[in-house]
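# kindly generate the corresponding structure for this input.
(chains A and B)
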Amino acid sequence: MQKIQDYAIIGNGRSAALISRAGSLDWLCWPRFDSPSLFAKILDQEIGGHWKISPTSSSTIERKYIEGTNVLQTHFKTDSGKIIVTDFMPAFGEEEKKHSLQPEHEIIRRIECVEGEVEIQIDFNPRPNYARDSVVLHDAGKLGIRLESDGQLITLHSDIKLTLQKNGSAHAKTKIKTGQKCDCSLTFTSEGPAVVPPQGELVSQKLSLTIDWWKKWSNRMTYKGPYKDHVLRSALVLKLLGYAPSGTFAAALTTSLPQRIGGDLNWDYRFCWLRDAAFTVRALFGLGFKEEAEAFVSWLLHSTRLTFPALRVLYDVYGEDIDNDVELPHLKGYDGSYPVRIGNGVRSFFELDIYGEVIEAVTHLVRTGGALDHETQKLLRGWGEYVCKNWQKPDTGIWEKMHPLKHYTHSKLMCWVALDRLIEIHKRGQIQNIPLEMFVEHHHRIRKAIEERSWNSKIQSYTQILEGEELDSIVLVMPLYEFDEASSLRMQQTLQRVQEKLSPTPGLIYRYEKSTQEGEGAFGLCSFWNAEFLARGGGSLQDAHESFNQILFYGNDLGLFSEEIDPKTGDALGNFPQAFTHVGLINTALALEEREKKGNL
Amino acid sequence: MNWSVWLILGFLSTLVLTSILSGSQGLGITRMNIPYMLGTMFTPNRDRAKIIGIFFHIINGWIFSLIYIVTFEIFDIATWWLGGVLGFIHAMFVLTVGIPVLPSVHPRMSNEQQGPTVVRQLEPPGFMALHYGIRTPISVIIAHIVFGCILGGFYFFT
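As a prediction, the model looks like this:
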């Protein structure tokens, strides 16, 4: 069984897939991230479904992305020779698409022998609808191997002849020699006659156009600091978690990858958490990807209209409600981590922090010269008033703990951020007719509540909840939102407590004290927050670099991160790849760059 | 055929249709805003788009109401229920054909094949405009039935 960190992601801004080191495509949902899976071996080794291309003999494996792209290359070296499998989803500009018909969705896998002679195998084993539907493959000759499911057509075109098996799979075994290339194309059609993708030279053109598109996109990145490769890879991952037709972002590509192996902390993250999406936008703004950030703000204004002024915790890519989570009892789960869930019940949770995060994202748009129309101003005003009315209520907090609701410090902090940024936007002349006096009064009252009730003088630290005693590493974000200086006495004491109690190994940080009892891993984002805290004046520049490098060590060979890290084994835990964690990486790198520019050592 | 009645009824029924759709949006039933969608074909400015869109929506309403009136004249019958039936057919056409093809002709509307290039655009409406809220078809159908009933009912009296 592959470990979570053994996977790589490919995609095109509308859907994405996970491919293992062994060359097996083990996770794909078409047409959207939250659609039922076609391949889900990552969640059930036996029945989940996969599409594997690999040598028949044992091999040493190396993989990489073509520089500045999301085109994956896996190198298999066997005793008899070497092959490269190039995996990608075609990604073109809108102008190029006008010149030819393209399939609705397509994955291309090119096999190229670069040395000697290698026997390869192709194992095509689709299992639509989370492996709940029966599979009848049909060999239509030159039109490919076809699978019809629920009005949708999946077609595999291959230069290598595959033989249908009785169990609803197709298999091929052949030898290829130096210089030989074989292409496989998997397409999805839901409307109209299927577009038959041409093979051969045109695949080379698609590959070339795709590489060009990604390189051009990557070249727009403004970050030029010492961690350019890591930052660019993170930006490329975030881009793959974006859904271009609407402009929003999914929190992660997968469902039910466990936060603890064998446990039941398995959730579906294929939706748009407003908080995560807002974090993502801030990171993209910081890297100069303004179009993506603007498109998200546009989505935000559109999608939240039906619940205005209340915000839901999460939406689907078109701003629709998400179904409650249901279990899929026929799937065994990743490494026996049962149950597999689809849907997510947190949609109706009462979470106050999202107002601050969303308004913060809009503030970034304003700070970079964006203007707000009347409709947007009305939304912001409504959210501000909502915060004033509700900030004193207990909520589920950022970690989404339903019972009981509590007065989380972070939720209060983000309510303060919401009002603080609205006042800022007003001062910049971008929002009119706000109840300024009310906003200023509550802004002041929230600060007072945090300073007086969240600070525990006994343990000398800010705590998870007002009048609480437990630590939560999230309080380290206070300086990141300019609530306090990272170098202040209180923040320094808080840092000391967090590092004493919540750090299992240098660089890694648990999210809160119960993490260890609950058996979960160190939280990737919290670990990056710790490094960012140091970079923003909470420690020396050297400390910040050291802490940052300690976390970077836990990324996989391609620089991808999941939600959590097992401190004992270093294995990735939780859904993968996780936008949250990559956002943390980017923001820390930006903070380090800023600190270096200031020359503050 | 009474042209002045058509002009007045066409205008009034379009105002009612627009009000029902706008009311549905205000009540949180749908995110669809037809004047805004029409207006953004001409300008990216959200505030200006709505004004331009209302103008073009009324023109559209007049044109469509003419089809209703001609139908009443052909069948030599004008009743509220025939207007309602025509309104239902009209709504189904708008939902299944008119709105789904908008991304093909709208310069500022994304489509399901957009990507990975991202630009600040209107979301595609999807089949039956369901991307704008699952209750969108209901408000569109009701608005068009009322539109037809007004035309049929009042044309009968004239």
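# next, please give the residue ranges for the helices of chain B.
Ranges of helices in chain B, per DSSP state H, are B:3-26, B:34-39, B:46-75, B:80-93, B:102-105, B:136-157.
# residue furthest from the geometric center of chain B?
Relative to the mean C-alpha coordinate of chain B, counting by CA atoms, centre = their mean, the farthest residue is B:Pro116 (31.2 Å).
# which residues touch the nearest residue to it once chain neighbours are set aside?
Spatial nearest neighbour of B:Pro116, excluding adjacent residues (CB to CB, 6 or more residues apart in numbering or on different chains): A:Gly13 at 2.9 Å. For every residue, glycine as well, the C-beta is placed using N, CA and C. A:Gly13 is in contact with A:91, A:239-240, A:242-244, B:115-118, counting by CB atoms under 8 Å, 6 or more residues apart in numbering or on different chains.
# circling back: surely the residue farthest from the centre of chain B touches A:Ser218?
No - counting by CB atoms under 8 Å, B:Pro116 does not reach A:Ser218; the two are 11.7 Å apart.
# would you map the helices across the stretch 501-601 of chain A?
Taking DSSP state H, counting those that start in this stretch, the helices of the stretch 501-601 of chain A run over residues A:514-518, A:524-533, A:541-552, A:579-598.
# how about the residues of the stretch 251-400 of chain A by chain B?
Residues of the stretch 251-400 of chain A lying near chain B by CB under 8 Å from any CB of the partner chain: A:291-292, A:294-295, A:297-299, A:302-303, A:305-308, A:318-320, A:373-376.
# select only the buried ones of these in ChimeraX?
Entered in ChimeraX, the line below selects the buried ones among these, by 16 or more other CB atoms under 10 Å in any protein chain shown:
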select /A:291,292,294,295,297,298,299,302,303,305,306,318,319,320,375,376
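# just the residues of the stretch 251-400 of chain A next to chain B: which are in strands?
Taking DSSP state E, every one of those sits outside strands.
# alpha carbons of the helix or strand bottoming out on mean pLDDT in chain A, as PDB, please.
Lowest mean confidence among the helices and strands of chain A (mean pLDDT, DSSP states H and E): helix A:94-97, at a mean of 80. This file holds the C-alpha atoms of helix A:94-97, laid out as PDB (Å, rounded to 0.1, in the frame of the first residue of the first chain):
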ATOM      1  CA  GLU A  94      -9.000  30.000 -23.700                       C
ATOM      2  CA  GLU A  95      -7.800  31.300 -27.100                       C
ATOM      3  CA  GLU A  96      -6.100  27.900 -28.000                       C
ATOM      4  CA  LYS A  97      -9.300  26.100 -27.100                       C
END
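# what does it contact?
A:209, B:113-114, B:117.
# check stretch A:586-601 too.
A:223, A:225-227, A:230-231, A:234-235, A:238, A:282-283, A:286-287, A:480, A:528, A:531-532, A:535-537, A:540-542, A:544-545, A:548.
# give the buried subset of those as a PyMOL selection command.
Here is the PyMOL command that picks out the buried ones among the contacts of stretch A:586-601, judged by 16+ other CB under 10 Å:
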select buried, chain A and resi 223+227+230+231+234+235+238+282+283+286+287+480+528+531+532+535+536+537+541+544+545+548
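# state the pLDDT value of the residue most central in space within chain B.
Closest residue to the average C-alpha location of chain B: B:Ile34 at 6.4 Å, with CA atoms, centre = their mean. In this model, B:Ile34 is scored at 87, pLDDT.
# contact partners for the spatially closest residue to A:Ile111 that is not a sequence neighbour?
Closest residue in space to A:Ile111, ignoring its immediate chain neighbours: A:Cys182 at 4.6 Å, by CB to CB, 6+ apart. Neighbour list for A:Cys182: A:110-112, A:120, A:158-160, A:174, A:176 [criterion: CB under 8 Å, 6+ apart].
# so which of the residues you listed is the most crowded?
A:Ile111 (27 neighbours; other CB atoms under 10 Å in any protein chain shown).
# tell me where the stretch 251-400 of chain A has strands.
Listed in chain order, the strands of the stretch 251-400 of chain A (DSSP state E, counting those that start in this stretch) span A:272-273, A:314-315, A:326-327, A:341-342.
# quick one, which of those is packed in tightest?
Mean neighbours per residue, mean count of other CB atoms under 10 Å in any protein chain shown, is largest over those for strand A:272-273, with a mean of 30.
# who are the packing partners of it?
Using 3 or more CB pairs under 8 Å, 6 or more residues apart in numbering or on different chains; DSSP states H and E as the contact test, the elements touching strand A:272-273 are strand A:314-315.
# just checking: what are the partner strands of the strand it packs on?
strand A:272-273 (antiparallel) (DSSP bridges).
# show me what the partner strand is in contact with.
Against strand A:272-273 from outside (CB under 8 Å, 6+ apart): A:243, A:248-251, A:303, A:313-317.
# ok, 10 Å please
Residues from elsewhere that reach strand A:272-273, judged by CB atoms under 10 Å, 6 or more residues apart in numbering or on different chains: A:33-34, A:241-243, A:246, A:248-252, A:279-280, A:296, A:299-300, A:303, A:312-319, A:322, A:344, A:346-347, A:351, A:354, A:357, A:400, A:579-580.
# among the strands of the stretch 251-400 of chain A, which is nearest A:Ile83?
Evaluated over the strands of the stretch 251-400 of chain A, closeness to A:Ile83 peaks at strand A:341-342, with 35.8 Å, by CB to CB.
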